[in-house]
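[1] Everything below, folded, please.
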Amino acid sequence: MDKQILKVLHFADIQYNVRGKHLNKKVEYEFVNQQLVAASHDVDLVLIAGDVFEHWDTNNVEETLFIHLIQDMLQNNPELQIYCIAGNHDLKQSNNIYDNGTGEKEVYRDTLSKLHDAI
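    Alright, predicted model coming up:
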C-alpha cells in the first residue's frame, strides 16, 4: 500500500498592524508574506490558525496585505487548499464604523465576504 503524505504549512499570529506608529511595519509584513508564499509552494494545505489582524477594526492596508498573501499563495500553488480560523484579534461585529486606511470612514462589511470578493 502506498502511503500518501499530506504536507501542511501552519502559522498563526501574523497580527497585521499598519497604523499610527506602526505604518513602517508594512515592509516587514510584505517580507513575511514573501516567506510564507515561498514556503507554501510544496505543500498541500495551509492552516492559518488565527490572529491574522492585530485589531478588530482592520484598515484597507492590513486587509490588502492578507488578500495579497492568499492570492500569491494560490498563484504560486493553484492546487493549494487554504483554511483560516479566526482568532480573538480577528473577531468583528457587523455595522461597525472603521477607518479604511485613507482617513475615510466606512461601515464594516463581513471580512470573509470582502476577502471572497477580492480573491
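[2] CA atoms for contacts and neighbours, from now on please.
    Noted.
[3] Where does pLDDT dip in this structure?
    Along the chain, the model assigns pLDDT under 70 to residues 1, 89-101, 106-119.
[4] F53 bridge partners, please.
    Y16 (DSSP bridges).
[5] wait, it sits on E62?
    Yes - between F53 and E62 there is a contact under C-alpha atoms under 8 Å: 7.4 Å.
[6] which neighbours do these two share?
    Shared contacts of F53 and E62 (C-alpha atoms under 8 Å, 6 or more residues apart in numbering): Y16, N17.
[7] where does E30 land in three-state SS?
    helix (DSSP: H, G, I helix; E, B strand; the rest coil).
[8] In the chain, mark out all the strands, start to finish.
    Taking DSSP state E, the strands of the chain run over residues 8-11, 45-49, 81-85, 97-99, 105-107.
[9] any idea which of those strands is most buried?
    strand 45-49 (a mean of 18; mean count of other C-alpha atoms under 10 Å).
[10] Okay, angle between it and strand 81-85 too, please.
    Taking axes from the mean of the first three to the mean of the last three C-alpha atoms, to 10 degrees, one finds strand 45-49 and strand 81-85 inclined to each other by 10 degrees.
[11] May I have the strands that pair with strand 45-49, each with its orientation?
    Paired strands of strand 45-49, defined by DSSP bridges, are strand 8-11 (parallel), strand 81-85 (parallel).
[12] I am finished for the moment; much appreciated.
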